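K.L.:
Predicted model follows, preceded by the sequence.
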Amino acid sequence: MNNPAIQIIERYKLGTCTPEEKVLVEAWFMKYGNDEEIDSNLDIERIKAEMWQTIQARREFRVKNIWPRLAVASAVLFIISVAAFYYFQPDKGKGSDPLTITQSDVSPGISGATLTLANGKQIRLHDAANGELASEAGVTISKSANGQLVYSIAGTGREDGAFNTLTTAKGETYQVRLPDGSLVYLNAASSLKYTPSLIENGKRTVQLKGEGYFEISKDLSHPFVVKSDAQEVEVLGTHFNVNTYEDEQSGRTTLLEGAVKVSVKEGGSVIIKPGEQAVINGTGLKVTQVDAGGEVAWINGDIQFDNKRIEDIMRLIARWYDVEVIYEGDRPDAKWYGSVSRARNLSQVLRMMEKSREVYFRITGRTVYVTKYQPKE
């Protein structure tokens, strides 16, 4: 195998390529690798230009302080663009059968949630008309024209122990603007609980299950606290993401801007800086350096799986597409790199993964069957 482009792609699959090579392969693959058929008469100059735009777009991710990628050489891009077309095409007549859909395809999730008021009344926000929804504890609750839940102080406000709960099902996400101006993105299969005025015992306090991204307004006199089963996150004003899903192996708090203090109920705390992640699992609390952009890709409408196992990816897919995942036989032991839009149908996401020649899928209704790739003799 003397072709340098094929060698680069082989190193990519093995996880031994350089950061520059990784960006190039991912950029090409995400642009062209999802197509069922690609014209072999490729306009190389056009591809070079488009790939550079793709790389720049990924480096200019819509959240601060993320995607710190190295610059890449256009000469290498030329080689990748030519060779990847041939390499990533599925083998004809080789390996296990590709994706089959025995019933209808599965559409992506939507913007939607259920708001449970202090009096127990439930409001389906996807169906509710824009405008004022309720008024509680001196706070007006409205749905904005862009579909956001907005809390506004209408009176003096009070701490009366009554709570609102915002809940997303699988396949739903939603945004809420709290009365202090803070913005919360709630991911699928998650909930956020808080008083209408937000203030509890002199602090702005919310309780989170699942995953949420927070953009907190600064208020030195009222720290903002995010509580979950295993931890508390306390800030004055910052941007961060908290993942507390029960089916994940660890709880993760990732900081994009400012500083946060993460405390565990068993004792102990850490203060993390931008680009750091506080991880809570069975071995305690530790801090690691991460690609913060990858952790919050979901708020910009992407599924990202850099260095992710099949189980990690399928948990993300199960929440967003509201499907059950069943593994047939041995599980693939490879790791995947890349990202894909959450606006795609499920079959498009799975077909992209199949091009790795590591796994095959079958969709039956809302069940996805996962099979390890088996080369045919």
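P.N.:
That came in fine, so what should we check first? Numbering: from 1, shown residues only.

K.L.:
got the domain boundaries for the chain?
P.N.:
4-88, 100-106+301-372, 110-247 (automatic domain parsing).

K.L.:
The last one spans what distance, first to last residue?
P.N.:
By that I understand domain 110-247. Taking C-alpha to C-alpha, to the nearest Å, the first and last residues of domain 110-247 lie 22 Å apart.

K.L.:
what does the shortest one give?
P.N.:
Domain 100-106+301-372 has its terminal residues 15 Å apart, counting by C-alpha to C-alpha.

K.L.:
Touching, Glu257 and His239? I think so.
P.N.:
Yes - counting by C-beta atoms under 8 Å, Glu257 sits close enough to His239 to count as a contact (4.1 Å). No exception for glycine: its C-beta is placed from N, CA and C like everyone else's.

K.L.:
same question for stretch 181-196, mean pLDDT?
P.N.:
On average, the pLDDT along stretch 181-196 is 96.

K.L.:
What residues of that stretch count as buried?
P.N.:
Buried residues in stretch 181-196, counting neighbours by 16 or more other C-beta atoms under 10 Å, are found at 182-196.

K.L.:
Out of the domains of the chain, the one nearest Ala292 is which?
P.N.:
Evaluated over those, closeness to Ala292 peaks at domain 4-88, with 4.9 Å, by C-beta to C-beta.

K.L.:
picking up where we left off before, export the domains of the chain as TSV, with columns for distance to Gly275.
P.N.:
Converted to TSV, the domains of the chain look like this (distance: least, C-beta to C-beta, whole Å):
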stretch	distance to Gly275
domain 4-88	7
domain 100-106+301-372	15
domain 110-247	11
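
K.L.:
which one of those domains lies closest to Ile280?
P.N.:
Of all those, domain 110-247 comes closest under C-beta to C-beta, at 5.3 Å.

K.L.:
chain center to the closest one: distance?
P.N.:
Taking the mean of its C-alpha atoms, domain 110-247 sits 19 Å from the chain's own mean (C-alpha atoms, centre = their mean, to the nearest Å).

K.L.:
lowest average confidence, helix or strand, in the protein?
P.N.:
Sorting the helices and strands of the chain by mean pLDDT, DSSP states H and E puts helix 74-88 at the bottom, at a mean of 42.

K.L.:
Who are the packing partners of the helix or strand just after that helix?
P.N.:
Per DSSP states H and E, the first helix or strand lying C-terminal to helix 74-88 is strand 100-101. Packing contacts for strand 100-101, counted by 3 or more C-beta pairs under 8 Å, 6 or more residues apart in numbering; DSSP states H and E, involve strand 359-364.
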